[in-house]
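Enquirer: Sequence and computational prediction follow.
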Amino acid sequence: MREYLVKRFFMMIPTLLGITLVVYSVLLLLPGDPVDVLLGQEYDERIAKQLRAEWGLDEPIVVQYGKWLWHIVQGDWGRSMFSRKPVFDEVLNKLPLTLELIVLALLFEVIISVPAGVISAVKPYTWWDYGASTFALVGVSIPSFFLGILLFLPFGLWLGWLPVQGYVPLRESVIDNLRHLLLPTIALGVARTAILTRLIRGSMLEVIRQEYVTTARAKGLMEAIVINKHALKNALIPAVTVMGLQVGFLVGGAIIIERLFALPGIGSYGIDAITNRDYPQVLGFILVSALVFQAANLAVDIVYCFLDPRIRYGKAEK
C-alpha cells in the first residue's frame, strides 16, 4: 500500500508541470499583457517598455517559465503585479473558503446520492426509483449558476431566510458560516449529486446480480447485511472514482457560484486575476487548483486501498 501511494504521489509532479507549462504558454501567447491593463487609456510606449523589462515580460517564454518554476521550487510564488502582495499569502487567505465549499458539496453528494442510489437499485421500478430518476434527470439538466439564481431569489431576497452574500469564517461562528454556505453548497452540489445517484444505482444493480451476493442471500443473511456488507462496498468503487474527478468540476463551478453569492474564495480571486491579466495571480490560481485536484485523486487512491484489498496488499497488478 505504501509503495502504491508513493508511486501515485510522484506521478503528480509531471502532471503539475504540464498544466503550469501549458497555462503559462497560453497566457503569454494571448494578445495584450498586464502592462496594457495597467496603463489603459494612458498608455505610453516608454513606460510600457520599462514595465515589461521590470516584470520580465520581454524575455522568451521558456526563460520566463523557468524563472517562475525556480521561484516556486524555492517557495516563492511571486507578487501580484497590481496589489504587490505575495501571491502565496493571497491564495492562502482565499483557499479555505473554497475548500470548505467543495467539501460541503461532496458531503451533500454522499448524503443524498448513496442512499438514493442504493434504494433505487434494491427497489427498482418503484415510486422511489422513479422519483430518484426524475431528480437525477432534472438535476443534471439545470446549470449550477441557474440553480443558484433559483435559490438566491426566493430564499434570500423574497423570504429572507438565508443570507445570499458575504461570508463568515468558520472560526467566528459555525452556525453563521453554514447559513452563508448552504445555498451555494446546494447550487454547486445538485448536478453532481444527480450524476452520482444514477451511477450508484447502475453499479448496485450490477453488483447485486453477482454470484457472491446470491450466495450470501442463500446462506440466510439479512438483506441489510447483504446490501451493506457485501454489495455496497464493491458498488462504491466506480462512484469513488467519479467523485475524485468531480472535484475538478467543483473547482470550476465554484468560480461561478462564488461570484454569484459574492464569496471571497479562490474562484473569485481567479476571475479577478484573469481579468487583470495578472500573471503571478493567474498562475497561483491554476497551481492551487491543480494541487486540489491532484490531492483529491490521491485521496481517492487511499480510499481504493480500503475498498479493494488487492491494492492494500500490493496485488493489484498481479
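Expert: In hand now; what should we look at?

Enquirer: quick one: the strands in the stretch 1-150 of the chain?
Expert: If you assign secondary structure with DSSP state E, counting those that start in this stretch, the stretch 1-150 of the chain ends up with no strands.

Enquirer: Tell me where it has helices.
Expert: Using DSSP state H, counting those that start in this stretch, the helices of the stretch 1-150 of the chain run over residues 2-29, 34-39, 45-55, 61-73, 87-122, 127-141, 144-151.

Enquirer: Show the average pLDDT along the helix or strand that the last one is followed by.
Expert: Right, helix 144-151. Sequence-wise, the next helix or strand beyond helix 144-151 is helix 174-207, with elements assigned using DSSP states H and E. Computed over helix 174-207, the mean pLDDT rounds to 90.

Enquirer: Please tell me how far I195 sits from G202.
Expert: Plainly put, I195 is 11 Å away from G202 if you go by Cβ to Cβ, to the nearest Å. In short, each C-beta sits where N, CA and C put it, glycine included.

Enquirer: the more surrounded of the two?
Expert: I195 (20 against 16; other Cβ atoms under 10 Å).

Enquirer: which residue sits closest to the more buried one, ignoring its sequence neighbours?
Expert: Nearest in space to I195, with sequence neighbours left out and distances taken as Cβ to Cβ, 6 or more residues apart in numbering, is V140 at 6.2 Å.

Enquirer: my read: the one you found touches A191, true?
Expert: Yes: because the distance of 5.8 Å satisfies Cβ atoms under 8 Å, V140 is recorded as touching A191.

Enquirer: picking up where we left off before, tell me the pLDDT of the residue nearest to I195.
Expert: Note on V140: pLDDT of 84.

Enquirer: Centroid-nearest residue for this structure?
Expert: V247 (3.0 Å; Cα atoms, centre = their mean).

Enquirer: That residue contacts A290, correct?
Expert: No: contact between V247 and A290 fails when scored by Cβ under 8 Å: they sit 11.0 Å apart.

Enquirer: The residue lying closest to W128 once chain neighbours are set aside and S289, how far apart?
Expert: Excluding the flanking residues, the one nearest W128 by Cβ to Cβ, 6+ apart is I119, at 5.5 Å. Distance check for I119 against S289: by Cβ to Cβ, it reads 35 Å.
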